[in-house]
Every structure is written in C-alpha cells, then in structure tokens.
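*Asks:* all I have is the shape, not the residue letters:
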C-alpha cells in the first residue's frame, strides 16, 4: 500500500503538479490566442455588445491570471511573498468559477422563461457559493518551502470544491428540467439534438470536471494530490463555459426556424437567416402565433397581429 505522506512520494507529486500546471497553462494560452478574433468582433462592433459578454471575458481571462501567478510561484528563483501570490491566484480562480456559473445561470433563466422563483433560487445558490469562496480566501495560507511557494493545509479548501460541484450539479439539473418544458422538443430532433443545440454537453463537461477534485480532496492523500485536479478544473470549467457562449452566438443559420401557427392544429415552418449580432424579424399572419425555436430569447408564444413585427434575439 502506498504511503502518500512519505517525503519521497510528496516530492514526486509536487514535481508532477508543477509540470501539469505548465502543460495546462500552455493549453489554456493556446485557447486564449486561438479565439481572440471572437472577442475582437465585439470590440470592433461587428457584433452587438451585451453585458453577458463581460462574464465571457471573465471566464476567459481570470483563469489566465491565476495560471500566471501559479507560474510565478513555481518558477521564481528567489523568495517572494507567497501568501499574496497564493491569495491572488485563488482569487482569480474563484472569479473565473463565479463567471462560469453566472453564464450558465443566464441559460437556466431563459430555459425557465425567466421564472422569478427559479432566478431567485439560482441566485441564492450563486451567492452562497461566492460567500464560501470568500471564506476560503480568508483562511488560505501559503509559505515558501524549498524552491517553490506551497499551499498549506490544502484540505481546508474542501468546502469550496464541494460547493462548486454542488452548484454545477444544481444548474445542470435545472437546465435538463428546463429543456423538458419546451413545447417543441418532440419536433426538434429529440433530446440529443436539444442537448447539442443548447450546448449542454459543455455544461456537462464543466460539471464532471469538478468531480475528481471533490473526490481527491475528500481523500486528502497529500497537498499535491489535493491540488492536482483543481488545476484541471481551473482550465476546463471556464473553457467549457466560454465555448458554450460562442456556440450559442455562432450557431449555424441552417438550424434556425420560426414556426407560424395559423390554426390550432396546423403550422408551417419558415427558415430565417441567423445573424447573431443583429435583430431578427419575422412577419406573422393575422391571428397567428410565432413560436421561436431554441435560439430565441423567449419560450412563450407571442401574438402577432397583421402588419406588426415580432423581434427575437439570440440567447447570450
């Protein structure tokens, strides 16, 4: 049986953690650089700016700041203020998780048609999770050990890891439940098409990546093992949320459909062009009801009198 507390094992795990963080940092830097054109499209006003874009930026850049501070703590050749370095690194990591959850909460709100009860519930969960992050930062301790900055008593972060996992599970369940409420679900290609279209596969990845950190920090084998899978979560979670955001904006035009119902038992579909940075407009017939597909901002039916225009916008 392996003694995970044996000094030789601890040193080996510390070295493995340093190498892993550098590999993950390289992957994330590539992700940042490869998608800069998307952000530039907002800055250059080719896409319509929305405040949710700020959450997207948080998902993208806060992890990079956290990783940069981890590089600093691992690679410096002289002693630095480890406590400050660790606090700011974890602060940026927690900010990225908060932005990730906030983006998913926006999705949940749309799927539940902006239900006040659902919004109040998910906001309460998000605030409670944020409070736990603040507590974790206050209790965080770090010091210089050997040639690198080391986090002390990493098992104390168990509460924040479990809180993040719980929050993601709650949001995933609410999204799945919200999808079942869609009236046009049977006509949209089945559950798997909805999952793909809504980007839930990324939400599932964001949730699953939080499981290993929760398991290993509960086992508390040693400090390095406690931190290893948290490094994975720091990269994969915001990466998944950011890709979800881009998927919803850049969803192919061929999948956009507006269904116009003229009578209770008859309907026809009208394809429309998908331009994520512009408002889409469709004319309804007299007495008809326009039902937007899953790219629309509302799931409820809207009465469209003759000659008037229904305006829809993609979910961001």
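*Replies:* The structure has been received and is ready for your questions. Remember, it's a predicted structure, so these values are computed and weren't measured experimentally.
*Asks:* tell me how many other residues crowd residue 215.
*Replies:* Neighbours of residue 215 under the rule other Cβ atoms under 10 Å: 12. In short, each C-beta sits where N, CA and C put it, glycine included.
*Asks:* next one: it from residue 140, what distance?
*Replies:* Going from residue 215 to residue 140 by Cβ to Cβ, to the nearest Å gives 21 Å.
*Asks:* tell me where the model's unsure across the stretch 201-316 of the chain.
*Replies:* 251-316 (pLDDT under 70).
*Asks:* tell me the SS of the residue nearest the centre of the chain?
*Replies:* Computing the C-alpha centroid of the chain and ranking residues by Cα atoms, centre = their mean puts residue 241 first, at 2.8 Å. Using DSSP: H, G, I helix; E, B strand; the rest coil, the secondary structure recorded for residue 241 is helix.
*Asks:* I'd say residue 56 and residue 242 touch.
*Replies:* Yes. Counting by Cβ atoms under 8 Å, residue 56 touches residue 242, with 6.0 Å between them.
*Asks:* would you map the helices across the stretch 151-300 of the chain?
*Replies:* Ranges of helices in the stretch 151-300 of the chain, per DSSP state H, counting those that start in this stretch, are 158-180, 191-198, 200-208, 211-219, 223-249.
*Asks:* how about the ones you listed, which one is nearest residue 24?
*Replies:* With Cβ to Cβ as the criterion, residue 24 lies closest to helix 223-249 of those, at 4.7 Å.
*Asks:* which residues does residue 73 contact?
*Replies:* 80, 82, 85, 86, 89, 142, 148, 149 (Cβ atoms under 8 Å, 6 or more residues apart in numbering).
*Asks:* what subset of those is buried?
*Replies:* Burial by neighbour count, 16 or more other Cβ atoms under 10 Å: within the contacts of residue 73 this picks out 82, 85, 86, 89, 142, 149.
*Asks:* from those residues, which is closest to residue 75?
*Replies:* Taking the buried ones among the contacts of residue 73 together and measuring to residue 75 by Cβ to Cβ, the closest member is residue 149, at 10.1 Å.
*Asks:* next up, phi/psi of that closest one, please.
*Replies:* Per-residue torsions, residue 149: phi -80, psi 130 (degrees, to the nearest 10).
*Asks:* contacting residues for it?
*Replies:* Residue 149 neighbours (Cβ under 8 Å, 6+ apart): 73, 74, 76, 80, 82, 85, 86, 142, 143.
*Asks:* so which of those belong to helices?
*Replies:* In helices, defined here by DSSP state H, the members of these are 73, 74, 82, 85, 86.
*Asks:* quick check: the second one touching residue 21?
*Replies:* Spelled out, that is residue 74. Yes. Residue 74 lies in contact with residue 21 (Cβ under 8 Å); the separation is 6.6 Å.
*Asks:* between the buried ones among the contacts of residue 73, which sits nearest residue 203?
*Replies:* residue 89 (25.6 Å).
*Asks:* in which helix or strand would I find that closest one?
*Replies:* helix 82-111 (DSSP states H and E).
*Asks:* output the contacting helices and strands for the helix or strand just after that helix.
*Replies:* Later in the chain than helix 82-111, the nearest helix or strand by DSSP H and E is helix 116-139. Judged by 3 or more Cβ pairs under 8 Å, 6 or more residues apart in numbering; DSSP states H and E, helix 116-139 is in contact with helix 82-111, helix 158-180.
*Asks:* chain center to the longest one, what's the gap?
*Replies:* Taking the mean of its C-alpha atoms, helix 82-111 sits 9 Å from the chain's own mean (Cα atoms, centre = their mean, to the nearest Å).
*Asks:* so that helix versus helix 116-139, what angle?
*Replies:* 170 degrees (axes from the mean of the first three to the mean of the last three Cα atoms, to 10 degrees).
*Asks:* quick one, helix 82-111 and helix 158-180 angle?
*Replies:* 20 degrees.
*Asks:* mind listing what's buried along helix 82-111?
*Replies:* Buried-residue list, helix 82-111, by 16+ other Cβ under 10 Å: 82, 85-111.
*Asks:* give the closest residue to the residue nearest to the centre of the chain in space, chain neighbours not counted.
*Replies:* residue 100 (4.1 Å; Cβ to Cβ, 6 or more residues apart in numbering).
*Asks:* residue ranges of each domain in the protein, please.
*Replies:* The chain breaks down by automatic domain parsing into domains covering 7-250, 254-312.
*Asks:* re the thing from before, what helices or strands is the helix holding residue 89 leaning on?
*Replies:* helix 52-75, helix 116-139, strand 141-145, strand 148-152, helix 158-180, helix 200-208, helix 223-249.
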